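Novice: sequence? don't have it. structure:
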């Protein structure tokens, strides 16, 4: 949620590697020698894993390729070094029938708040086509009726390989993606789902939540991994409810928190602020 | 945020009167004699003012007019007795240039979440016309340039008297309404504005907030009264920020909380859940 | 959290019964005939179960016994009718080794914030004796070492039957109570435990939470039933965390929210504001 | 609220200076040459003021004095360079009559949660002596009755100069400190006070808040400066309220949030995580 407004950085340097003494000094030295001016810098050491993470926004400087080469030579073997320019990401939004998350993203897209270009909205249903078209965004229905799971996913992948998105945003997309598709977009699929204290498994979670009388309803945005809803958490939020909330009222409260949490998570993703370490995120916001 | 989903009530009875013993008994008696079945009932006594408030949703029953007549006879002099049917309100949204609140309302409107019909969007600028038209909602620009304050408001009122809205929603409308207009729509104009701890007066509040290093940014939805931003509060919300938020980041955080708080307030208004007692609200949610 | 301050009620009437038309009218009639003045009144209909709940605080009036008798005659068979005087409850606090919840309760007790008398603190360990004695509260160690589960619980029950508390407050008591003890104090044992999104089962939940990188840590206060941690929820709260929180930091954040949530839940219990309907609570706060 | 648990750092280096290119590189170089291993590192550039802030926790290394000398030579003129060892701070708590903040701090102190030694509690009243003594903490009454403002403050200062605290914690101390005393402890006095949206000036703020019907009550912890309640904000929190909260209920809600917010602020102060930049804080948590 931060600092985008006055963003002046020409580059973002992202490093993840085994921890050892002196990394920050070496990295900042390589930057200084090229006249780069650091405008924001964050580091974190995950001591459990002895893993080091660093994200540096800088301006000016010359010879970005030389910088990357030098760092690859100096940093520990196995270091991940990314040097990116801040720029709008290409995304595809997948949705099913619920309009609240899709609509919120399209609004932000239209008003310039979303640092991404929505190249298309894909859906297994047709209803949301009206909404996408209101905003002049391409809508592609990939119906699942009458065909089997594998055939549907092939149709989906055919569209995706043509659209070439960098990120897939699941804005209440109610089908499970195959492990193959998930691994093709590893770390690049973001999902939003409701969350409860305690968690409810099985169908009709809002009904279960209402019957259990929960006092808080939440939402979790996370990266999608092969294990359903178990990927690294990006953002979470909650909203209070009480006994007078029926099933649909809880669902309404859930929708409001879902759309805010998803938008917040996407902002972090699109600004290259997230590292994944094991099954958790390290977020420099 | 509540109970709309399973709403089955055919009528809502709203009573505000001086407190005395036995009111609930008399009201529920009048309902019982007509075979009305109460599905939700709330009361509150404001002891400072010795004021009694009651809101009753009921189904079935006959002779609604007789009910109102009987209650007027039985209840203390000066009692306000309203018997309404739950129904969508006619509203006009006034906005200036910022799209976040207007867009959120139009989305909710389109998806059936807003219990109101937006008969038009009025603006002193033209920019938001695109957004309104995306949703097929009538947009009327009432430009203020080149004319004086009184002339502008006459133009505004001309539109309003033709549109006959029940409520005016100020979705970041940045002009001050005249006391005459406010009193014509007394208790029926809802505004949203940012709020800070502490409050900042004067221009550029987000700049002041950033310079003061506030850790929380809020929004307040309230009824508009003649005293600017001092009307009865309907709903408030906050979002955490920190030193890394620049002025525009704070403004972005503020927009997110504003749109949620405004939507929550409107839901309470449109479901006839609010009474005003002095300069504060009594809300049966 | 409410209204205790200006409490003037001499009685609280609590009714739970099958729903049918006219109950409020009959109850308020019985009150009016006895000259009782209602100072606060709340009702709720659980439509799923067709269950009616009503809580009425009133002052003055005569013939409380006659009131209860009349209501028993008039209300549906199976109605639960309680007529209580607002008064401080007798409680025993059970704790193990962690001082944060116990200490917070003792502080509130000492400053008059807790509407209860703490007749004793019972513990399966000795460490918290110092803390209880600081506040002049009786501390009874009931050690579990060297004896089996049944013997320990017999020792516990021996103490309880002598102390005769109305409520047992489990302030981080880390042993499981037997179904017999739970059923003896049905609806009168309150527990606090940490909560996560998602939930973690098994040992070391904070370690699991840290490894999963949760962004929110919560606490749930609930009535204890035979099914562990599955009783009706009274109150919940959350606090944000991030990747920089290690296991112990998360535990610290958890402690802060636990003590606030437990205190809030007890206030609701001690003011007779809670009904249990199935496995959920109806709370008139 | 973070990372104290696994704190292994032997030193904390804190730098505040005008921004220019290369500072991080120079500082980390000086550390690397002495074999220091950075365990946590944070920087922030306040672009409005062109000010650079850096906080580094490191372990091992030799020649701390040489490190400070080298940095003073290399960094821009006017740089503030502090090299501290993590250690418990000496604090004096000032309180008046309300026990909630003092009690919470004493509990945390007793359980080892507070990274500070409370050398004494000073009060202008005698009531809180009981509470301090429960925890074996020295209590010194410095009554203000019968003497003028200047005489009272001389008495207070006499105590303080004997006790030599590093920080003064105002835990609901209801008297205003003189500018002289404030400047003697510049940046070392922390206060907690209630906060409202909107702010209320004058007497009886909770009465005003109740009459205005606010929906949120907050608390702000801040450094004390000469301008009353206008010093740099450290931490803020809020709690929701509604129309059913009377004046005292609001005050109770306010107390709960005050004690949590004060404890959170003190943790940040005692871990040397805060810089003051102009009238705002930069906090590395």
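Specialist: All right, it came through fine. Values in this document were obtained by computation on a predicted structure and should not be read as measured data. Numbering: from 1, shown residues only, chains lettered A, B, ... in the order given.

Novice: For the rest of this, base every contact and every neighbour count on C-alpha atoms.
Specialist: Noted.

Novice: Next, the residues that contact stretch A:40-49 from outside, please.
Specialist: Residues outside stretch A:40-49 that contact it (Cα atoms under 8 Å, 6 or more residues apart in numbering or on different chains) are A:19, A:51-58, A:282, A:284, C:244, D:39-45.

Novice: pLDDT of it, averaged?
Specialist: Stretch A:40-49 carries an average pLDDT of 90.

Novice: And that stretch, what's buried?
Specialist: Under the neighbour-count criterion of 16 or more other Cα atoms under 10 Å in any protein chain shown, stretch A:40-49 has A:40-46 buried.

Novice: Show me the shaky parts of chain A.
Specialist: Low-confidence segments of chain A, defined by pLDDT under 70: A:1-7, A:197-198, A:201.

Novice: go with 50
Specialist: A:1-6 (pLDDT under 50).

Novice: Going along the chain, name the helices of it.
Specialist: With DSSP state H, the ranges of helices along chain A come out as A:23-33, A:64-74, A:100-110, A:129-134, A:149-163, A:179-184, A:205-212, A:247-270.

Novice: Flag every buried residue along the first one.
Specialist: Judged by neighbour count using 16+ other Cα under 10 Å, the buried positions of helix A:23-33 are A:23-32.

Novice: Out of the residues you listed, which is nearest to residue A:256?
Specialist: Residue A:256 lies nearest to residue A:24 out of these, by Cα to Cα, at 41.1 Å.

Novice: Quick check: residue A:87 touching residue A:114?
Specialist: No. Between residue A:87 and residue A:114 there is no contact under Cα atoms under 8 Å: 11.2 Å.

Novice: could I get the buried residues of stretch A:40-49 as CSV with distance to residue B:82?
Specialist: As requested, the buried residues of stretch A:40-49 are exported to CSV (distance: Cα to Cα, whole Å):
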residue, distance to residue B:82
A:40, 59
A:41, 61
A:42, 60
A:43, 62
A:44, 61
A:45, 64
A:46, 63
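
Novice: which one of these is nearest chain B?
Specialist: Lowest distance from chain B to the buried residues of stretch A:40-49 (Cα to the nearest Cα) belongs to residue A:40, with 9.9 Å.

Novice: List, one by one, the residues from chain A near chain D.
Specialist: A:21-22, A:24-26, A:28-29, A:32, A:35-45 (Cα under 8 Å from any Cα of the partner chain).

Novice: mind redoing it with 6 Å?
Specialist: A:21-22, A:25, A:28-29, A:32, A:37 (Cα under 6 Å from any Cα of the partner chain).

Novice: Show me which pair in those is furthest apart.
Specialist: A:21 and A:37 (22.9 Å).

Novice: Specify which residue of these two has the higher count of neighbours.
Specialist: residue A:37 (20 against 15; other Cα atoms under 10 Å in any protein chain shown).

Novice: hang on, the more buried one packs against residue D:22?
Specialist: No. Using Cα atoms under 6 Å, residue A:37 is not in contact with residue D:22, being 7.5 Å away.

Novice: For the residue nearest to residue A:64 when sequence neighbours are not counted, name its beta-bridge partners.
Specialist: Excluding the flanking residues, the one nearest residue A:64 by Cα to Cα, 6 or more residues apart in numbering or on different chains is residue A:83, at 7.9 Å. Assessed by DSSP bridges, residue A:83 has beta-bridge partners residue A:13.

Novice: any idea how far residue C:220 is from the residue in the stretch 101-250 of chain A that chain C sits nearest to?
Specialist: Closest to chain C within the stretch 101-250 of chain A is residue A:213: 4.6 Å, counting by Cα to the nearest Cα. Using Cα to Cα, to the nearest Å, residue A:213 is found at 12 Å from residue C:220.
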